[in-house]
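1. any chance you can model this:
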Amino acid sequence: MSAPRFMLDEHVWAGLTKVGERIGADVVSVQMLIPQGSRDEDVLALASEAKRILLTSNARDFAPLAAEWFLAGREHWGIIIVPGQADRSLLSIALTNIHRKHSAEVFKNTFRFIQDFV
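-> Sure, this is the predicted structure:
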């Protein structure tokens with residue numbers, strides 16, 4: 001069982017990288033890895049290749065993409081939806097809870113909401 005690793009999509013609070021450092025979680029921002037405005041398919045592929053759970057505010061695009069990947073038999077390491085106006089302290093609590101209480105494997109091929117972990 002491995003510790004979850006995270007990738008933050010463009011519109012997720014970048015301060016979670018600092019929260020990750022504080023709690024010992026591996027958290028990167030997608031902007032550190034590929035150009036801003038990259039296609040959602042490319043973002044999910046990058047997260048999948050890196051075995052990272054993708055945290056995104058973009059449920060509208062990633063919900064159908066998750067279904068498309070499922071139907072095609074493609075695997076990813078999880079997608080967690082983070083509401084755009086989520087309280088930063090709640091996001092910090094959720095990230096901490098995920099990091100401390102769950103293995104990466106629990107999230108494989110899932111589509112979840114950050115509220116489940118507060």
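2. mind listing what's buried along stretch 48-57?
-> Neighbour counts over stretch 48-57 (16 or more other C-beta atoms under 10 Å) mark 48, 51-57 as buried. Yep, even glycine has a C-beta here, placed from its N, CA and C like the rest.
3. repeat that for stretch 18-28.
-> For stretch 18-28, by 16+ other C-beta under 10 Å, it's 19-20, 25-28.
4. starting at the chain centroid, how far to it?
-> Put simply, stretch 18-28 sits 13 Å off its chain's centre (C-alpha atoms, centre = their mean, to the nearest Å).
5. which residue comes closest to Lys108 once chain neighbours are left out?
-> Trp77 (5.7 Å; C-beta to C-beta, 6 or more residues apart in numbering).
6. hmm, back to that, tell me the two of the buried residues of stretch 48-57 that are most distant?
-> Lys51 and Ser57 (21.8 Å; C-beta to C-beta).
7. residue ranges for the helices of this structure, please.
-> For the chain, the helices defined by DSSP state H cover 16-23, 40-49, 59-72, 88-101.
8. got a list of what Phe107 touches?
-> Residues in contact with Phe107 (C-beta atoms under 8 Å, 6 or more residues apart in numbering) are 4, 53, 77-78, 80.
9. which one of the buried residues of stretch 48-57 is nearest Gly73?
-> Among these, Ser48 lies closest to Gly73 (C-beta to C-beta), at 12.8 Å.
10. please tell me how far the closest one sits from Ile79.
-> 10 Å (C-beta to C-beta, to the nearest Å).
11. Ala104 too?
-> Taking C-beta to C-beta, one finds Ala104 at 13 Å from Ile79.
12. now do the shared contacts for these two.
-> In contact with both Ala104 and Ile79: Ile53, using C-beta under 8 Å, 6+ apart.
13. same drill for those two, tell me which one is more crowded.
-> Shown here are Ala104 and Ile79; by other C-beta atoms under 10 Å, Ile79 has more neighbours (26 against 19).
14. beta partners for that one?
-> Listed beta-bridge partners, Ile79: Leu54, Phe111 (assigned using DSSP bridges).
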